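Engineer: My questions concern the predicted model and sequence given below.
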Amino acid sequence: MEHTEKTLYPLTQAQQRIWYTEMLNPNTASCLLSGTIKFTVPINLYLLQHVIETVIKRHTAFRIKLMTEREETKQYIGPLTYNTIVHVEIPEENYEQYVDSWLDIHNREPLKLYDSDLYQFIIFKIKDKCFGYNIKIHHIISDGISLANLVNEITKTYTDIKEGQFPPSSNAGSYIDYIFTEKKL
């Protein structure tokens with residue numbers, strides 16, 4: 001696929017620092033953020049998946065892809081796609097230890113960096129005792145505060161839909177707006 005059709009944007013100053021760290025530690029999880037949310041009450045896993053997809057749709061950061069042009073890393077906004085959200089059912093015996101160990105291994109696996117999604121969601125169920133999800137996201141498209149805001153938005157959207165309210169259909173602020181603001185400074 002030719003990249004000439006895409007509008008390319010430079011990495012921001014913060015993204016450049018993260019990118020240099022990635023280049024110093026290639027094929028590692030050093031630039032990945034992850035979080036696991038566990039619920040001890042039953043939840044509707046299909047509704048949770050719908051909520052995650054709704055939140056992905058609202059934020060252009062989930063569509064940021066990286067590529068190189070003339071030996072320089074650039075970013076572009078790819079089309080909206082929903083990569084497969086993996087559903088995992090975990091055996092009951094020693095489930096806490098198993099989940100923690102399995103997620104630790106999963107979160108250490110690097111993400112493909114070029115022309116690829118820079119995030120991954122997993123939804124899990126442990127019999128009928130524990131439910132939850134895990135997000136792994138590259139630091140180049142998210143920071144710790146953004147990750148916390150993302151978890152809060154997923155929780156609020158899930159709760160709102162369960163209570164019969166509908167989430168906003170408008171998009172959140174665009175990361176591209178931030179890039180242009182930084183260039184002006």
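Structural biologist: It's in.
Engineer: quick one, what contacts the residue most central in space within the chain?
Structural biologist: Nearest to the mean C-alpha position of the chain, by C-alpha atoms, centre = their mean, lies Tyr119 at 3.7 Å. By C-beta atoms under 8 Å, 6 or more residues apart in numbering, Tyr119 lies in contact with Phe62, Leu111, Ile135, Lys136, Ile137, His138, Ile141, Ser142. Bear in mind the C-beta positions are built from the backbone N, C-alpha and C, glycine included.
Engineer: Keep only those of those residues that are in helices.
Structural biologist: Nothing among the contacts of Tyr119 maps onto helices, per DSSP state H.
Engineer: Mean confidence (pLDDT) on stretch 124-136, please.
Structural biologist: Summarised as a single mean, pLDDT over stretch 124-136 is 87.
Engineer: Stretch 66-83 too?
Structural biologist: Per-residue scores along stretch 66-83 average to 90.
Engineer: circling back to that earlier point, quick check: beta-bridge partners of the residue nearest to the centre of the chain?
Structural biologist: Note on Tyr119: beta-bridge partners Ile137, judged by DSSP bridges.
Engineer: Cool, thanks, talk later.
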